[in-house]
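# Quick one: sequence plus predicted model below, questions after.
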Amino acid sequence: MNDMDLLMENVFLNQIDMKINGGSLNISKSDIKTNNTLHAENLSHIVLKETKITGTSSLQSVIEFKNSANIKIHTCSLNNHTSKHVIKLENCTNVSLVGTNFTNNKCKLDGCALMLEQSKVIIRNCNFRNNTAPKFGGAILINSLINKEVTIKEKTKFSKNKAQFGAAIFIKNQTPIINETVHFETKDDDVKSNAAHIYNGSLQIVNIRQYEVK
């Protein structure tokens with residue numbers, strides 16, 4: 001689909017691969033199940049709101065947005081996927097993820113729940129739980145050769161994510177900001193699985209809580 005303004009509300013999708021180039025996209029209050037993929041590029045406006053996306057087994061990313069702007073992913077659930085990534089953003093600006101859950105995802109590539117490349121993103125009040133990557137960034141991988149600001153804040157929570165390096169967050173060539181009561185939940189035998197790992201970058205931390213679950 002090229003240069004379309006696509007609006008979907010209260011729809012059920014099953015086993016559909018959607019590819020969009022140009023225009024805008026608005027999906028709300030919908031249920032997207034079993035082996036769906038959504039790939040879009042060159043869009044001026046994207047909204048995913050109050051939508052459940054579950055159960056994809058794919059060699060691709062479940063959602064992939066490229067060269068797009070004004071992206072809102074709010075109050076969604078992205079759970080139980082086995083894929084390349086759950087969401088990959090490449091060269092995207094003005095992105096907000098709010099109140100969205102990423103749970104029980106197992107990915108074939110690094111940056112399981114979120115792979116952020118050259119993108120400006122704000123993450124607020126999201127939950128990343130039990131996401132697994134093979135090596136880097138069980139929940140989030142941030143990679144940018146150009147400093148595109150990534151901010152994680154407002155009760156965003158990381159728990160039981162797994163990777164060899166930076167199971168909560170892996171940072172490469174970037175300086176993200178983590179502030180306002182972000183929680184890194186750990187257990188005594190699993191502290192390393194929720195650490196941030198930095199490679200050729202830095203990290204600004206303000207008002208963070210790491211706590212244990214007994």
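Structure received.

# Which residue is the nearest non-sequential neighbour of the most centrally placed residue in the chain?
The structure's the chain has its C-alpha centroid closest to residue 114; by CA atoms, centre = their mean the separation is 2.9 Å. Nearest non-adjacent residue to residue 114, counting by CB to CB, 6 or more residues apart in numbering: residue 140, 4.5 Å away. Yep, even glycine has a C-beta here, placed from its N, CA and C like the rest.

# buried stuff in the strand or helix carrying residue 32?
Per DSSP states H and E, residue 32 falls inside strand 31-33. Residues residue 32 are the ones in strand 31-33 that count as buried (16 or more other CB atoms under 10 Å).

# What's the first helix or strand after it?
Using DSSP H and E, the next helix or strand after strand 31-33 towards the C-terminus is strand 37-41.

# what does that next one contact?
Contacts with strand 37-41, where a contact means CB atoms under 8 Å, 6 or more residues apart in numbering, come from 17-21, 25, 32, 46, 56, 58, 60-68.

# So residue 185 is in contact with residue 158, correct?
Yes - counting by CB atoms under 8 Å, residue 185 does reach residue 158; the two are 6.7 Å apart.

# Which residues are in contact with residue 86?
61-63, 78, 102, 105, 107, 112-114, 131.

# which of those has the most neighbours?
Highest neighbour count within those: residue 112, with 33 neighbours (other CB atoms under 10 Å).

# Now do the phi/psi pair for that one.
Note on residue 112: backbone dihedrals following degrees, to the nearest 10 are phi -70, psi -60.

# neighbours of residue 82, just the number please.
Counted by other CB under 10 Å, the residues lying close to residue 82 total 16.

# Just give the nearest non-adjacent residue to residue 183, would you?
Nearest non-adjacent residue to residue 183, counting by CB to CB, 6+ apart: residue 157, 4.4 Å away.

# and the one you found, bridged to which residues?
Counting by DSSP bridges, residue 157 is bridged to residue 127, residue 183.

# tell me the pLDDT at it?
pLDDT, residue 157: 89.

# Now do the contacts for it.
With CB under 8 Å, 6+ apart, residue 157 has these contacts: 126-129, 182-183, 185.

# distance of it from residue 99?
12 Å (CB to CB, to the nearest Å).

# The residue nearest to the centre of the chain is in contact with residue 107, isn't it?
No - using CB under 8 Å, residue 114 is not in contact with residue 107; the gap is 10.4 Å.

# Common neighbours of those two, please.
In contact with both residue 114 and residue 107: 85-86, using CB under 8 Å, 6+ apart.

# the more surrounded of residue 185 and residue 158?
Applying other CB under 10 Å to residue 185 and residue 158 shows that residue 158 carries more neighbours, namely 29 against 18.

# Leaving out sequence neighbours, find the closest residue to the more buried one.
Distances taken as CB to CB, 6+ apart place residue 168 nearest to residue 158, at 4.1 Å, with adjacent residues excluded.

# Model confidence at that neighbour, what's the number?
Per-residue confidence (pLDDT) for residue 168: 88.

# and it, what is it in contact with?
128, 138-140, 158, 161, 184, 194-196.

# which pair in the residues you listed spans the largest distance?
128 and 195 (13.4 Å; CB to CB).

# So which of these two has more stuff around it?
Remark: of residue 128 and residue 195, residue 128 carries more neighbours, 28 against 19, as counted by other CB under 10 Å.
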